[in-house]
Each structure stands twice: as C-alpha cells, then as structure tokens.
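>>> Let's see this in three dimensions:
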Amino acid sequence: MTAPILLWHRRDLRLTDNAAMDWAARQGRPVIPVFLHDEVVEGWGAAPRWRMDKALRAFRDRLREIGSDLVLRRGPALHNLRALVAETGADTVVWNRLYVADERARDTDAKEGLRDDGLTVESFGNHVLFEPWEVKTGQGGYYRVYSPFWRAVKDRDLDEPLAPVEALQAPDAWPEGDALDDWEMGRAMRRGAEYVAQHACVGELAARDRLVTFIEERVEDYAEARDMLGVDGTSGLSENLTHGEISARECWFAGLRAREDGKAGAETFLKELVWRDFAHHLAYHTPQLTKENWKPEWDAFPWRDDNDEAEAWRRGRTGVPVVDAAMRQMWVTGTMHNRARMLVASYLTKHLLTHWRVGCDHFADCLIDWDPANNALGWQWTAGSGPDASPFFRVFNPDTQAERFDPDGVYRRRWVAEIRDAGSDRRNDDLGLDYFDAIPRSWAMHPDDPYPAEPIVGLKEGRARALEAYGNRDAA
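Numbers count the residues shown, from 1 in each chain. Below is the predicted model of the structure:
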C-alpha cells in the first residue's frame, strides 16, 4: 500500500487533535493535504474569505514545518478531488465532517462520487464535541431546547485530544496547485482589511496561546465578565474554533481542568462550548435553520425586507449608542461582543421589524468568526422564530442593557467617536476613529458629523410596535 492519501482540509486547520490527519499519518503512506476553494467557499462573505486566507497561510507554514505542504485548487469539490486522484494515483480520500446543509450536500456528493470510482473514503467527527446523531432524547429524537441538551452531554466521557502530528510522509512528487495570492480571497474587504488585520488572532499556535491565557487569567471571572461590554472578559476563541485552528475538544478539556481547579467561571465556559454543539446539532437535524424560519408559523409574520432604517443600523447611525458601538466594533475588528450581538439583533428584528435574514446575512459578510450554524441560531433565537427562542415579548431595551453591562459608558465611547467628551484627545482614541477610515468612502461619514439627536425608531415606540405585530400574529 504505497498509493497516496488525499487529506481534504476545510475547517480543521491544525496539527493537534485532528482526527483525519492523525489517521492518515498512521497509515505509513504519502499524505497530500488539500484545500479547495469550492462551491461552498464561493458563497462566503467578505470577512470569512479574508480570514480563511490568513488561516491557510498560517496552516501551510505549520505543514511545511513537518515536511509537508498544502495543495490548493479552485472549483467544484468532486471535480477537483477526481483530478487530484488521477494526477497522484491516490486511492483514499479523508476529511473531518461538517454539518450545515450546503457543506453536507457537497460532502455527500463527493463521498458518493469517489466511492463510485472505487476509492476508499473516510470521514471523521472532529468539528464538534458530540456527533449530532449521537445525542438523542429519551424518545430517540433530537433536542430542540438547549438546557436538556446540556444535561444530556455534560457528564459524557470524551477521549483525550489527539497529540500533534509530527510528520506527514511526502509524495514522490507534489501535484501542481494554485497560488493563494491568485485567489484574492481578501479582495472584497477593501480598505477595511488593514484594520481588521490588527485584531485577528491567526493560526494554531496563536489559538493555543489564547486558550492558555484565557484559562490562566480570565476564566475565573468568566460567568460575569463575559457580559460586560467594556471588559475583555471572553475567550475570543470563536474565531479560531470556526477555522479549526483549535479543536472544541482541546478547549473542553482545558475547561474541565479549570473547573477541577475550582475556577468559578469554568462551568459557564463549558456551557458555551456545548451551545456551539447545540447549533450544529440543530443544523444537522433541521437544515432549514440557516435559511428559513425554524418555526414555519413565523413565515406570515410582517417582517420587512431590507430598508433605509436597516441601512442606518448597518452603518452604526441608529442614534442608539450601544447598538451603534457594536456595529462599528464589528466593522473595525471583524468580531462583536457576545452580549452586543443580542442587542443589535433585537433592535433590528423587533424595534425595526426587519427580517432576521437581513442581519444574519450582514453578519455573514462582516464576521471573521462567522459560523453558519451559530450565526443563524443566534439570530433566530433573538428574533423569536428559532428553536428554544427568546420569548416574542422579550424586547431588549438597549439603554437599560447599556446601563447594566456598560455602566461607565466605556464601550460606547470607545466605538462612537461622536459622543465623546469635547475635551478628549481624539488623536489617541484610535478605535472609534478607525471606523471612519475602514468603512466605504461612499458612506461619507466623518467623526465630526453630529450624532443623531434621536433614535431612528424610539425605544418605547419600537417596543410597542413590535408587541402589536406579535399580538396580531397570534390572533391570525
């Protein structure tokens, strides 16, 4: 058995705890790592594609350190895998499984086609903690509510994370591949890329350092600090988990050790990892999650499509400082505070009565930690149309939320330059000013512009309008 193995990478750009890579390395045969800019990647937004470019560069360096490399091809997955099989003589293709509808459709097509060609195809569970079909209710179905899902998995045993792969046998000759620069994956980011790059934490080594720092310095206070907008109280690992620069299992075991050490916030961290699993559990069992109302009775709800008020929301000009701060943070950093994501989603879907898909699609274009399952679940949870959703009558009051989670106004002043004190030294308030340099010039926004005197939709007015719409839906 000397034929090469094709190791197809997607959201698993690491050497540590990589099930497909570990299996391939142990076969004693040449291994050819591959990444495909395929039909799924073609549909990604600007920030996810830009961030994947950075992830691929870091991962390629890691592979070269162990005597391997990364072959790049652009085009439909099955077509390119067949071409690589023909060029290399490979008889086996392996990958780690994914669970969102378009990913599964691509993978099923590839697996069936390659097996029809007589190849061995193996896939492994490595993107989540627990395979979606392995977590069942007492009746044998899937979970629709998070709390019982957490209770079902929290005490389950998991195998320890796999050790880093230290070497991959190289083929006698590498197949030709595309140049990563030629893909221009960051082109749509335009001038915003310069600013987002200052905040990205790219690659496996950086991800593992980030985990260590979080466990050592922040997990103790995580349960409370994670909600404070002006505090660096979260792990930041969503960016790395979505690209597979670190595994959920490595994070899980780090959280378990922290809990055993008596660190108070560790349990909450473990619950957040399971929430991520819950999102992929639902995406697997109910593929409509990412595209349609999870609850079909919401199809008749009078949400608006895109509109001028939604455009003001996108630009951080709603006149609600905490909402605008969050939208600007996302534009400059490619991420948004977890509490702020709920606030901006509630304001768009409830105060502005705009369809959750408008916001979901915008996040999919702007977030470097974009995960299709997590993003959709978060939006549908807030809007009320999703599984285990926030009650329809729960309309977040952004001002009340800001008073509670940004009591000193640090977050709002950091990101909304127009509301700073007149005596502040704007030259040193870089983050809020970076926003104006990162956004499209066509927006014609300047930090000296007057901030809106009133919200585009008043908080009381918007809440009343939302509750009336919800009441009419129930009556219908």
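>>> wait, isn't residue 28 in contact with residue 168?
No: with contact defined as Cβ atoms under 8 Å, residue 28 does not count as touching residue 168 (11.2 Å). Every residue, glycine included, has its C-beta placed from N, CA and C.
>>> Between those two, which is the more surrounded one?
Under the neighbour definition other Cβ atoms under 10 Å, residue 28 and residue 168 were set side by side, and residue 168 has more, 22 against 8.
>>> ok, now which ones touch that one?
For residue 168, the contact set (Cβ atoms under 8 Å, 6 or more residues apart in numbering) comprises 7, 21, 24-25, 31, 33, 63, 66-68.
>>> If you rank every helix and strand of this protein by mean pLDDT, what lands last?
None of the helices or strands of the chain scores lower by mean pLDDT, DSSP states H and E than helix 459-475, at a mean of 80.
>>> can you pull out the strands in the chain?
With DSSP state E applied, the chain shows strands at 5-9, 31-37, 71-74, 92-96, 120-124, listed in chain order.
>>> Which one, of the ones you listed, ends up nearest to residue 247?
Taking Cβ to Cβ as the measure, those were each checked against residue 247, and strand 92-96 came out nearest at 9.6 Å.
>>> and the closest one, what does it pack onto?
The helices and strands touching strand 92-96, judged by 3 or more Cβ pairs under 8 Å, 6 or more residues apart in numbering; DSSP states H and E, are strand 5-9, helix 19-25, helix 101-116, strand 120-124.
>>> Nearest to residue 280, out of the ones you listed?
With respect to residue 280, and counting by Cβ to Cβ, the nearest of the helices and strands packed on strand 92-96 is helix 101-116 at 10.2 Å.
>>> and this structure, what are its domains?
In terms of domains, the chain is parsed into 1-127, 189-285, 296-475 (source: automatic domain parsing).
>>> Which one, of these, ends up nearest to residue 147?
Taking Cβ to Cβ as the criterion, residue 147 comes closest to domain 296-475 out of these, the separation being 8.0 Å.
>>> Pull the distance from the closest one to the chain's centre.
Remark: domain 296-475 is offset 18 Å from the chain centroid, using Cα atoms, centre = their mean, to the nearest Å.
>>> next one: stretch 132-147
How far stretch 132-147 lies from its chain's middle: 23 Å, per Cα atoms, centre = their mean.
>>> By neighbour count, which bits of it are buried? Give me those.
Along stretch 132-147, the positions that meet the burial threshold by neighbour count (16 or more other Cβ atoms under 10 Å) are 132, 135, 142-144, 146.
>>> Using JSON lines, lay out those together with distance to residue 85 and pLDDT.
Written out in JSON lines, the entries for the buried residues of stretch 132-147 read as follows (distance: Cβ to Cβ, whole Å; pLDDT from 0 to 100):
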{"residue": "132", "distance to residue 85": "29", "pLDDT": "98"}
{"residue": "135", "distance to residue 85": "35", "pLDDT": "98"}
{"residue": "142", "distance to residue 85": "35", "pLDDT": "97"}
{"residue": "143", "distance to residue 85": "39", "pLDDT": "97"}
{"residue": "144", "distance to residue 85": "41", "pLDDT": "95"}
{"residue": "146", "distance to residue 85": "42", "pLDDT": "95"}
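>>> Any chance of CSV for the domains of the chain, columns distance to residue 177?
Putting the domains of the chain into CSV (distance: least, Cβ to Cβ, whole Å) gives the following:
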stretch, distance to residue 177
domain 1-127, 4
domain 189-285, 20
domain 296-475, 25
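>>> Check the gap between residue 371 and residue 238 for me.
From residue 371 across to residue 238, the span is 7 Å (Cβ to Cβ, to the nearest Å).
>>> And for residue 455?
Applying Cβ to Cβ, the value for residue 455 to residue 238 is 29 Å.
>>> Kindly report the same for residue 90.
The spacing between residue 90 and residue 238, counted by Cβ to Cβ, is 34 Å.
>>> Residue 465: which of the strands of the chain is closest?
With respect to residue 465, and counting by Cβ to Cβ, the nearest of those is strand 31-37 at 43.9 Å.
>>> what does the closest one contact?
4-10, 21, 24-25, 56, 63, 68-75, 77, 80-81, 84, 88, 90, 168-171, 174-175, 178, 183, 185.
>>> same question, stretch 367-377
With contact meaning Cβ under 8 Å, 6+ apart, stretch 367-377 is reached by 44-45, 47-48, 50-51, 99-100, 196, 200, 238-239, 241-242, 276, 278-280, 282-283, 289-291, 330, 334-336, 360, 363-364, 386-387.
>>> mind listing the helices for the stretch 301-450 of the chain?
Secondary structure of the stretch 301-450 of the chain by DSSP state H, counting those that start in this stretch: the helices cover 308-314, 321-333, 338-346, 356-366, 372-383, 398-405, 410-415, 430-438.
>>> Number of residues surrounding the closest residue in space to residue 335 that isn't next to it in sequence?
With sequence-adjacent residues excluded and distances taken as Cβ to Cβ, 6 or more residues apart in numbering, residue 335 is closest to residue 369, at 5.6 Å. Here the neighbour count serves as a burial measure; for residue 369 (other Cβ under 10 Å) it reads 22.
>>> which residues of this structure score low on pLDDT?
Residue ranges of the chain with pLDDT under 70: 1, 389-393, 422-429, 473-476.
>>> again, only using 50
For the chain, the stretches with pLDDT under 50 are 425-428, 475-476.
>>> and residue 278, what is it in contact with?
For residue 278, the set of contacting residues under the criterion of Cβ under 8 Å, 6+ apart consists of 143, 146, 149-150, 377.
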